[in-house]
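Novice: just coords:
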């Protein structure tokens, strides 16, 4: 069974340029998450989707970050314009809507590492 | 954003030694999870705990859900080189929905031969 797929794995851009990350969740998982992981820290939630609806985007910096999950499957996270402080790993995860011992927990992709110069 | 406190921050041990790490929170959680992250990879789930006082094992790994619901512990017995990585705890306050996980700051484990 395929896991959570993310692309690109690595991206280097100059500041003020736009960048987009793509995520394909595990088949059948209704809930999709985007996490930000700064160097030496644990992941922090940016946005959570249940199907195509963003149900928690309170931590998403909406002035420059946007996300979409148009058909309730794949998702795209965009930054425009990128700043130096955006250099980090952007992790996508997915789960069934109700995460419990029977349905399983969050499964993460390998992440997209962004470097802003 | 909020991150749970993990200790120690890093550990350097010899192969064959046992390892203990813990995670504490100022909030009560209904679920505790332990993930391992290797360089260039995403976190991988090791153990999930759903009941206060629960003790669960996964091979050489054993984790406990603290009775106060504000802490959790992970033990690794007889460490081997492939145990190297960063171990993250994560807590969730509601097991009924796929609600927000709060992650710890991580414990970096190095194993020497």
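Specialist: Cool, the structure landed. If you're wondering where the values come from, they're calculated on a predicted model, not measured in any experiment. Residues are numbered from 1 along each chain as shown, chains lettered A, B, ... in the order given.
Novice: and the gap between residue B:35 and residue B:23?
Specialist: 11 Å (C-beta to C-beta, to the nearest Å). Bear in mind the C-beta positions are built from the backbone N, C-alpha and C, glycine included.
Novice: the more surrounded of those two?
Specialist: When residue B:35 and residue B:23 are compared for neighbours, residue B:23 comes out ahead with 29 against 26, by other C-beta atoms under 10 Å in any protein chain shown.
Novice: how about the closest residue to that one other than its chain neighbours, secondary structure?
Specialist: Nearest residue to residue B:23, sequence neighbours excluded (C-beta to C-beta, 6 or more residues apart in numbering or on different chains): residue B:89, at 3.4 Å. Look at residue B:89: counting by DSSP: H, G, I helix; E, B strand; the rest coil, its state is strand.
Novice: follow-up on the earlier one: list residues touching both of residue B:35 and residue B:23?
Specialist: Residues touching both residue B:35 and residue B:23 by C-beta atoms under 8 Å, 6 or more residues apart in numbering or on different chains: residue B:89.
Novice: ok, the least confident helix or strand in chain A by mean pLDDT: who's next to it in the sheet?
Specialist: Between all helices and strands in chain A, the lowest mean by mean pLDDT, DSSP states H and E belongs to strand A:53-56, at a mean of 89. The strands that strand A:53-56 pairs with in its sheet are strand A:44-50 (antiparallel) (by DSSP bridges).
Novice: which residues sit against the strand it pairs with?
Specialist: With C-beta under 8 Å, 6+ apart as the test, strand A:44-50 has contacts from A:30-38, A:54-57, A:59-60, A:65, A:67, A:69, A:72, A:75, A:77, A:90, A:97, B:1, B:3, B:98, B:100-101, B:103.
Novice: which element follows the helix or strand bottoming out on mean pLDDT in chain B toward the C-terminus?
Specialist: Across the helices and strands of chain B, mean pLDDT, DSSP H and E gives its lowest value to strand B:101-103, namely a mean of 89. Heading C-terminal from strand B:101-103, the first helix or strand you meet, by DSSP states H and E, is strand B:107-112.
Novice: which positions in that following strand come out as buried?
Specialist: Across strand B:107-112, burial judged by 16 or more other C-beta atoms under 10 Å in any protein chain shown covers B:107, B:108, B:109, B:111.
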